[in-house]
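In: Make a model of this:
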Amino acid sequence: MKAGNDCTRHPDIPSDLRRHTIGSLNNQAINFVITNPATGKQVAGPLCPGVTYSLAVKFDSLGSGHHLLTSTYGSFPDRNVCLGSSNACKNRACPEDEGASAAYSLTMPCTLPGGAAANGADNVIRASWGDGVMVNSNKVTYKFGGGDCKPCGAPPGAPPGSPSPSPSPRPASSGRLIVRASNNMPVKDSSITITVRLVGYTASLSDDSIDATLTTLNIPANATAALACSPRTFSLSLDDSGRQFVADTPITCRATAAGRARVRVALKTSPVLANTTAVVSVKLPM
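Out: Take a look at the predicted model:
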């Protein structure tokens, strides 16, 4: 399942799909629940500027599968944003894990293009689900902003129209984790090399290394193990250029059985780096 570069684009037409076929674009088995953590209440609308909401997506009778989630406005945490998306696509989430439900935080922006005049604009939240054969989708629409919303950053309990406090500076923390396989289609009993790099990490570190953990996931989960990787724990160290962190030891994976698998790397950083997970798919010929 794939889609174009538009940040709200979903696979809607046959040319968007590879092995899938288009199912229902209004499948009520995909449903959404949005709550405001500050009140614990489900939101009927609108979505207010600067507020972070809890968004649950359930696929009910469809069962376990992969999904793509978008919101016209707002942003998801970096760890959920689609790998390879540009910085402009923080409103686009596509986790690698399969599941029958998912939960996210969605933070609405303080302003839209057009400022206050944009209040009342439609914000469409949409999910597409695929199981390797069929793609289904559904959506829900909320208004953005309006008279019932407090100004962005207003303290809890403040009435609509209350002035917002001055924002406090936040420490910078960014970076992009890149995981690559030397061969994405190895033959059985052959070995591949995994390279891991962290680029653009701007947060201050107490030392020059970051602990990392590697795991492998079979597709489907109950399949015969397809990859055996070593080492599974290692560190990323700042290279001589001082611009990126690289794995300080070679990582080798041996193809043990025909099938499909993913290699996942998670980082332990201080302060916590939001985007700590990257995935590469490795296909083994049957």
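
In: end-to-end on stretch 199-219?
Out: Stretch 199-219 has an end-to-end distance of 29 Å (Cα to Cα, to the nearest Å).

In: Quickly note the distance from the residue nearest to the spatial centre of the chain to A255.
Out: Here the mean C-alpha position of the chain is nearest to the C-alpha of N80 (Cα atoms, centre = their mean), at a distance of 1.9 Å. Going from N80 to A255 by Cβ to Cβ, to the nearest Å gives 30 Å. Using the backbone N, CA and C atoms, a C-beta is placed for each residue, glycine as well.

In: One more: S128?
Out: S128 sits 31 Å away from A255 when distances are taken as Cβ to Cβ.

In: what about these two, which has more around it?
Out: With other Cβ atoms under 10 Å as the criterion, S128 and A255 differ in neighbour count, and S128 comes out ahead with 27 against 22.

In: now what about stretch 238-255, what contacts it?
Out: Residues outside stretch 238-255 that contact it (Cβ atoms under 8 Å, 6 or more residues apart in numbering): 181, 186-199, 201, 208-210, 212, 214, 216, 226-231, 234-237, 263, 282, 284.

In: So which of those are in strands?
Out: Taking DSSP state E, the ones among the contacts of stretch 238-255 that sit in strands are 181, 191-199, 209-210, 212, 214, 216, 227-230, 234-237, 263, 282, 284.

In: Scan the helices and strands of the protein for the one with the lowest mean pLDDT.
Out: Using mean pLDDT, DSSP states H and E, strand 277-284 stands out as the lowest-scoring helix or strand of the chain, at a mean of 59.

In: Any idea what T193 is bridged to?
Out: With DSSP bridges as the criterion, T193 is bridged to T252.

In: residue contacts, it?
Out: By Cβ under 8 Å, 6+ apart, T193 lies in contact with 181-182, 250-253.

In: Tell me the spacing between L69 and I219.
Out: 20 Å.

In: quick one, which of these two is more surrounded?
Out: Using other Cβ under 10 Å as the criterion, L69 and I219 rank with L69 on top: 24 against 17.

In: So what sits opposite the more buried one in the bridge?
Out: Bridge pairing for L69 - DSSP bridges - gives A93, A127.

In: from now on call the first residue 31
Out: Okay, residue one is now 31; in that scheme the one you just asked about reads as L99.

In: Check the contact between it and W159; I expect there is one.
Out: No. Between L99 and W159 there is no contact, the gap being 9.7 Å when judged by Cβ atoms under 8 Å.

In: Any regions of the stretch 181-316 of the chain where pLDDT drops low?
Out: Along the stretch 181-316 of the chain, the parts satisfying pLDDT under 70 run over 183-205, 231-238, 251-252, 255, 299-316.

In: Helix, strand, or coil at I64?
Out: strand (DSSP: H, G, I helix; E, B strand; the rest coil).

In: okay, now the closest residue to I249 other than its chain neighbours: neighbour count?
Out: Leaving aside its sequence neighbours, I249 sits nearest to R290 (Cβ to Cβ, 6 or more residues apart in numbering; 4.1 Å). R290 has 16 neighbours, counted by other Cβ under 10 Å.

In: One more: V73?
Out: Residues near V73, counting by other Cβ under 10 Å, number 17.

In: Quick check: chain neighbours aside, which residue is closest to it?
Out: Leaving aside its chain neighbours, V73 sits nearest to I64 (4.5 Å; criterion: Cβ to Cβ, 6+ apart).

In: how close does the one you found get to G160?
Out: In terms of Cβ to Cβ, I64 sits 23 Å off from G160.

In: Which residue of the two possesses the greater neighbour count?
Out: Using other Cβ under 10 Å as the criterion, I64 and G160 rank with G160 on top: 23 against 19.

In: how about stretch 284-298 as PDB, C-alpha atoms only?
Out: Output of stretch 284-298 as PDB, limited to C-alpha atoms (Å, rounded to 0.1, in the frame of the first residue of the first chain):
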ATOM      1  CA  ARG A 284      21.900 -14.300   8.300                       C
ATOM      2  CA  ALA A 285      18.900 -15.400   6.200                       C
ATOM      3  CA  THR A 286      17.800 -18.600   8.000                       C
ATOM      4  CA  ALA A 287      14.600 -19.300   6.200                       C
ATOM      5  CA  ALA A 288      12.500 -18.200   3.200                       C
ATOM      6  CA  GLY A 289       9.900 -15.500   4.100                       C
ATOM      7  CA  ARG A 290       9.800 -11.800   5.000                       C
ATOM      8  CA  ALA A 291      11.100 -10.000   8.000                       C
ATOM      9  CA  ARG A 292      11.800  -6.500   9.200                       C
ATOM     10  CA  VAL A 293      14.800  -5.100  11.100                       C
ATOM     11  CA  ARG A 294      14.000  -2.500  13.800                       C
ATOM     12  CA  VAL A 295      16.400  -0.300  15.600                       C
ATOM     13  CA  ALA A 296      15.500   1.700  18.700                       C
ATOM     14  CA  LEU A 297      17.600   4.300  20.400                       C
ATOM     15  CA  LYS A 298      18.000   5.400  24.000                       C
END
